[in-house]
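Engineer: Generate a structure from the sequence data that follows.
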Amino acid sequence: MNSVSIQSLLFLLIGFHSGFSDKPKLERGKHGYVLPVRSEGLSVHNIFQSGMVMPRDTPIRIWGWSHPGEEVTVTFGGHSGKFVTGENRKWVVTLPAQPASSEAKTMIVESPNSRLSFEDILLGDVWVAGGQSNMQHPLSRVEGGSMEIESANFKGIRLLTVPSIFSNVMVDNFPIVHRAEGGRHVREGFWDPCSPANASSFSAIAYIFARRLHIASEVPIGIIDASRWGTTVETWTPLPALRSLETPSVKASLSEWDKRVADYTPENALKNRVANYNARTENMRKHGRDVSHRKAPTEIPLSPLFNANHPGNGFASMIAPLGGFPIKGAIFHQGFNNSRADADTFYHSVMSAMIPAWRKNFENPEMAFGIISLCTDSAPQTLDNFNESMENMGIYVREAQYKTFLDFYNAGDKNIGFASTYDLRRAWYHPQHKIPAGERIASWALNTQYSKSIQWKPPMIIKMEVLDDRLQLHFDLEVASLESLPIEGFAISGEDRIFHPATAEALTVGKDNRGRVKHNRKVLVLSSPHVPKPIHYRYAWARNPMGNLRAGQVHQRECVLATQRSDNWGARDLPYVSLEGNEEPRELAQKVRAAYRLIDLVRGVKDAEAELKQRRKLLEEEISKNSETSPAN
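Structural biologist: All right, here's what the predicted structure looks like:
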């Protein structure tokens, strides 16, 4: 049987599984074989399938399409509802809320001439996992993934991956897709039971999150992966919400995209593509590489309007289609593709608009939303490259994520969450240490949404005091380093805006009745011999930072202090770098990095001199002591 007939057979099965009363017309495009989002006759939205999780404890809303004027009846869990379609063909039936149940139920959808049956439906909570590649990263490619895969036998967890097919207009349904990828067959848009085979290719963080919630709550969990590699925060935000923002960097980005769209012509797009092909081919030929297999492109590139990162496209294509379905909440892990020159203002502004937009889409202004901060990349920060490591715009993304969380949290939002991941250190932009990341954000969800006594909130700095030669930071709870090691990761600066590593110690408050030193572990004292009058601090200020401070109690050790600072200086606010004001981002980064490298070098020399002086003093004291106690000749 050839591949086309195999796919045709699959589609007959898909049509039966998804409840299509009419055989769907096969469509084949660059994304593979796609089942249309609705048939001409009776159909349901593609989120309603056999094997799904229906939301508990809330009115159950089911919708779809049928012929105009037809009465559609939906029966589920002992309840029925009816709806007569209008000219737009859409029907909506709302049934009474039902409690969580692991008992498989059947839903029947009927019209005068059609009957659809959906089986093995559970009642529980459904969560959405969004973001880019570090959210999409499959369980099969993470540390500890093999054990997780072999253990992934959970009948009460159901998995769904939204196909990443991008549109520049809001769509009200997602397709179901079969495609070939890397020699394997990929299905997207299906609800699948959680099994080793299905969990293997599913988002690692999303799976771990769902697994922890299911085990702790004993409630069926549906988890929807709506992430896509290489995407930016603005593609996950509705375009109208972006256009309402007054942030200059956001306005500039939108104007740039508008110009790219306006300037696009199919002829020029193909011409540029061919020119790039010719240039690459010539370069390969110059280096003695075989180019006989290469063929000049003939396919016209799509307009920038259809780019995955065109502002609003990710939301329109992958989040909007889920709209109206009452999910329990969402988790979001993204940031790499926004690590650019304007990250400090751009990201905070956009993410602050994105979260309310998602809540509006799911018709729940108080919907739970958990932020997983940007993960690590690059070489680890040390005392030798301390300042040089501070030149990375990804740090500003991480800061913006925490600031966004704080804005909502301090405004009284009880359903906003946050988890840092920078301490799960790996020196590349796809760190495979995903299991702890999923568990940390699950701790937030279990505490705030399931009333479990699990600590999740990071320590928060509530006040900073400037005290002559030191800074004092006051926390909302006791803090400590990992395994009682010296606290690392703080830097302080004076008016010169040059940061240096700081010694951080708990405030000494006297001695106890046995003469032992007592400390207030809610207050840290920061100091440095290189900063006689500090005015600002930064913490974990590197893409792969030093930083080991966390909540002080043993059961809170996964709650780490977030990347943050007290200053608001930008990359161009550095007096020790000679800037002309028109540098390209890469040129600016090179200048700043060179200046940082010099600071590290000078500080290293001074520290070495001080160490040598101290050692000489100790040696002289030892010699003097020995000469006084030795017998006379």
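
Engineer: Which stretches in the stretch 401-550 of the chain count as helices?
Structural biologist: Applying DSSP state H, counting those that start in this stretch to the stretch 401-550 of the chain gives helices spanning 435-450.

Engineer: repeat for the stretch 251-400 of the chain
Structural biologist: Listed in chain order, the helices of the stretch 251-400 of the chain (DSSP H, counting those that start in this stretch) span 266-286, 313-314, 343-361, 394-410.

Engineer: Show me the domain layout of this structure.
Structural biologist: Per automatic domain parsing, the structural domains of the chain span 461-570, 578-628.

Engineer: Relative to residue 119, which of the helices of the stretch 251-400 of the chain is closest?
Structural biologist: Closest of those to residue 119 is helix 343-361, at 28.7 Å (criterion: C-beta to C-beta). The C-beta positions use only the backbone N, C-alpha and C, and glycine is treated the same way.

Engineer: For the closest one, give the mean pLDDT please.
Structural biologist: Across helix 343-361, the average pLDDT comes to 96.

Engineer: so that helix versus helix 394-410, what angle?
Structural biologist: Going by axes from the mean of the first three to the mean of the last three C-alpha atoms, to 10 degrees, helix 343-361 is angled at 40 degrees with respect to helix 394-410.

Engineer: Next up, the contacts around residue 518.
Structural biologist: The contact partners of residue 518, by C-beta atoms under 8 Å, 6 or more residues apart in numbering, come to 508-512.

Engineer: try 7 Å
Structural biologist: Residue 518 is in contact with 509-512, counting by C-beta atoms under 7 Å, 6 or more residues apart in numbering.

Engineer: Keep only those of those residues that are in strands.
Structural biologist: Cross-referencing the contacts of residue 518 against strands under DSSP state E gives 509-511.

Engineer: quick revisit: how about the helices of the stretch 251-400 of the chain in a markdown table, adding distance to residue 387 and mean neighbour count?
Structural biologist: Shown next, in a markdown table, are the helices of the stretch 251-400 of the chain (distance: least, C-beta to C-beta, whole Å; neighbours: other C-beta atoms under 10 Å):
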| stretch | distance to residue 387 | mean neighbour count |
| --- | --- | --- |
| helix 266-286 | 37 | 12 |
| helix 313-314 | 36 | 27 |
| helix 343-361 | 18 | 21 |
| helix 394-410 | 13 | 22 |
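
Engineer: can you redo those helices as a markdown table with distance to residue 172?
Structural biologist: Below are the helices of the stretch 251-400 of the chain laid out as a markdown table (distance: least, C-beta to C-beta, whole Å):
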| stretch | distance to residue 172 |
| --- | --- |
| helix 266-286 | 29 |
| helix 313-314 | 16 |
| helix 343-361 | 11 |
| helix 394-410 | 28 |
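
Engineer: Relative to residue 618, which of the ones you listed is closest?
Structural biologist: With C-beta to C-beta as the criterion, residue 618 lies closest to helix 394-410 of the helices of the stretch 251-400 of the chain, at 38.8 Å.

Engineer: contacts for that closest one?
Structural biologist: With C-beta under 7 Å, 6+ apart as the test, helix 394-410 has contacts from 335, 338-339, 343-344, 347-348, 351-352, 371, 373-374, 377, 416, 418, 422, 541-543, 562-565.

Engineer: Flag the helix or strand of the chain with the lowest per-element mean pLDDT.
Structural biologist: Across the helices and strands of the chain, mean confidence by mean pLDDT, DSSP states H and E is lowest for helix 3-18: a mean of 34.

Engineer: Just the mean pLDDT for the longest helix along the chain, thanks.
Structural biologist: When the chain is parsed with DSSP state H, its longest helix is helix 585-629. Helix 585-629 carries an average pLDDT of 87.

Engineer: Same check on stretch 87-96?
Structural biologist: For stretch 87-96, the mean per-residue pLDDT is 97.

Engineer: Could you do stretch 538-551 as well?
Structural biologist: Stretch 538-551 shows a mean pLDDT of 96.

Engineer: Could you export that stretch as PDB, CA atoms only?
Structural biologist: The C-alpha coordinates for stretch 538-551 follow below in PDB (Å, rounded to 0.1, in the frame of the first residue of the first chain):
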ATOM      1  CA  ARG A 538      21.800  43.200  41.200                       C
ATOM      2  CA  TYR A 539      21.200  39.500  41.800                       C
ATOM      3  CA  ALA A 540      21.700  36.600  39.400                       C
ATOM      4  CA  TRP A 541      22.500  39.100  36.700                       C
ATOM      5  CA  ALA A 542      23.900  36.800  34.000                       C
ATOM      6  CA  ARG A 543      22.400  34.400  31.500                       C
ATOM      7  CA  ASN A 544      24.000  31.500  33.400                       C
ATOM      8  CA  PRO A 545      24.500  33.200  36.700                       C
ATOM      9  CA  MET A 546      26.100  32.700  40.000                       C
ATOM     10  CA  GLY A 547      23.300  32.700  42.600                       C
ATOM     11  CA  ASN A 548      22.400  30.200  45.300                       C
ATOM     12  CA  LEU A 549      20.000  32.100  47.500                       C
ATOM     13  CA  ARG A 550      16.600  30.600  48.300                       C
ATOM     14  CA  ALA A 551      14.000  30.300  51.000                       C
END
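
Engineer: That one: which residues count as buried?
Structural biologist: For stretch 538-551, burial by neighbour count (16 or more other C-beta atoms under 10 Å) applies to 538-551.

Engineer: cool, stretch 214-222 as well?
Structural biologist: Buried residues in stretch 214-222 (16+ other C-beta under 10 Å): 214, 217, 219-222.

Engineer: Okay, and which of the residues you listed map to strands?
Structural biologist: Counting by DSSP E, the buried residues of stretch 214-222 place 221-222 in strands.

Engineer: quick check, nearest of the buried residues of stretch 214-222 to residue 168?
Structural biologist: Nearest to residue 168 among the buried residues of stretch 214-222, with distances taken as C-beta to C-beta, is residue 222, at 28.6 Å.

Engineer: who touches that closest one in this structure?
Structural biologist: The contact partners of residue 222, by C-beta under 7 Å, 6+ apart, come to 52-53, 124, 126, 158, 160.

Engineer: Just the pLDDT at the closest residue to it other than its chain neighbours, thanks.
Structural biologist: With sequence-adjacent residues excluded and distances taken as C-beta to C-beta, 6 or more residues apart in numbering, residue 222 is closest to residue 53, at 3.1 Å. If you check residue 53, the pLDDT there is 98.

Engineer: Which strand runs longest in this structure?
Structural biologist: Assignment by DSSP E gives strand 114-131 as the longest strand of the chain.

Engineer: on that earlier part again, go through the buried residues of stretch 538-551 and name the one nearest residue 45.
Structural biologist: Among the buried residues of stretch 538-551, residue 543 lies closest to residue 45 (C-beta to C-beta), at 41.2 Å.

Engineer: What does that closest one show for phi and psi?
Structural biologist: Here is the backbone geometry of residue 543 (degrees, to the nearest 10): phi -70, psi -30.

Engineer: My guess is it contacts residue 373. True?
Structural biologist: No - judged on C-beta atoms under 7 Å, residue 543 makes no contact with residue 373 at a distance of 11.8 Å.

Engineer: phi, psi of residue 109?
Structural biologist: According to degrees, to the nearest 10, residue 109 has phi -120, psi 120.

Engineer: ok now do it, which residues does it touch?
Structural biologist: Contact analysis of residue 109 by C-beta under 7 Å, 6+ apart lists 19, 42, 44, 64, 72, 74, 116.

Engineer: quick one: the residue lying closest to residue 476 once chain neighbours are set aside and residue 127, what's the gap?
Structural biologist: Counting by C-beta to C-beta, 6+ apart, residue 476 lies nearest to residue 460, which is 4.7 Å off, once chain neighbours are set aside. Distance check for residue 460 against residue 127: by C-beta to C-beta, to the nearest Å, it reads 26 Å.
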